[in-house]
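S.K.: Whatever this is, show me its structure:
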Amino acid sequence: MKKIISSLLLSTPIFANHSVDIGGFYSSHHEKGYSYDVGGISLKYEIGNSKGLKAGGKISISNDSDLLLVQSNSQILYYIPLKAIEIFPFFGARSHTHEVMKDYGLIGTINRVWGPCGVGVTSKFGNFIPEIRAAYLFPLAHTYIETGHVDLYGLKYKLTPMYWIEAKCEYKFSDKVAAALCADWEQDFHQRQRTITGEAYISLKF
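M.R.: Predicted coordinates:
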């Protein structure tokens, strides 16, 4: 009986794994009336095990031209191991806040929020770990807000559904340290707007 209990304890992940990713990104967005090309830093935290449930959050910040851009992306994933690959359905929240105007004390800010729902695939080839994710972005909110000294002005706009594809390749230097290159493409189904982002980061696992 003691051997059975000991075996179960050893095979059951009691403590979750953690990882922190620190990197830099460059993002290019184009649509009618609103475009930008910015670079900045990103920080990501993830908790969970290699199998089963995992959750993570990421924030990207840029202050190009003294106009603040903050993007956040949180996801809940469930890893399902197969023979040669792992698949992981996921859902979460994705937000975009960008100052687009500063003039005589007024600040104009675009705010957008989506709800991503998709699936990813990953595998291992030695120390290389490629991964791809694809998601449908449910539109939740799109507003333009101007803040001034004494008053507040806002407009609500329609946000169209979009799709998002991300490809990543990670290289493990050890069980605790890895580096990765990542690229993603975000576009609406009518091809009126698109965002291309490239990123490089170091991942620390503990």
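S.K.: Just the mean pLDDT for the longest strand along the chain, thanks.
M.R.: Taking DSSP state E as the criterion, the chain has its longest strand at strand 128-147. Averaging pLDDT along strand 128-147 yields 96.
S.K.: can you pull out the helices in this protein?
M.R.: Along the chain, counting by DSSP state H, helices occupy 2-11.
S.K.: Tell me which stretches of it form strands.
M.R.: Using DSSP E, strands in the chain cover 17-31, 34-48, 52-62, 69-81, 86-103, 106-122, 128-147, 152-156, 162-172, 177-188, 193-205.
S.K.: Output these in TSV; the columns should cover mean neighbour count.
M.R.: For the C-beta atoms, the positions are set from N, CA and C on the backbone; glycine is no exception. Below are the strands of the chain laid out as TSV (neighbours: other C-beta atoms under 10 Å):
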stretch	mean neighbour count
strand 17-31	16
strand 34-48	15
strand 52-62	17
strand 69-81	17
strand 86-103	16
strand 106-122	17
strand 128-147	16
strand 152-156	10
strand 162-172	17
strand 177-188	16
strand 193-205	16
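S.K.: distance of the residue most central in space within the chain from residue 119?
M.R.: Note on the chain: the residue nearest the mean C-alpha position is residue 73, at 4.1 Å, using C-alpha atoms, centre = their mean. Distance of residue 73 to residue 119, given as C-beta to C-beta, to the nearest Å: 16 Å.
S.K.: can you check residue 194 too?
M.R.: Distance from residue 194 to residue 119, by C-beta to C-beta: 21 Å.
S.K.: swap in residue 82?
M.R.: Residue 82 is 13 Å from residue 119, by C-beta to C-beta.
S.K.: what's next to stretch 44-53, contact-wise?
M.R.: Around stretch 44-53, the neighbours that count as contacts under C-beta atoms under 8 Å, 6 or more residues apart in numbering are 13, 16-21, 54-59, 76-79, 81, 86, 201.
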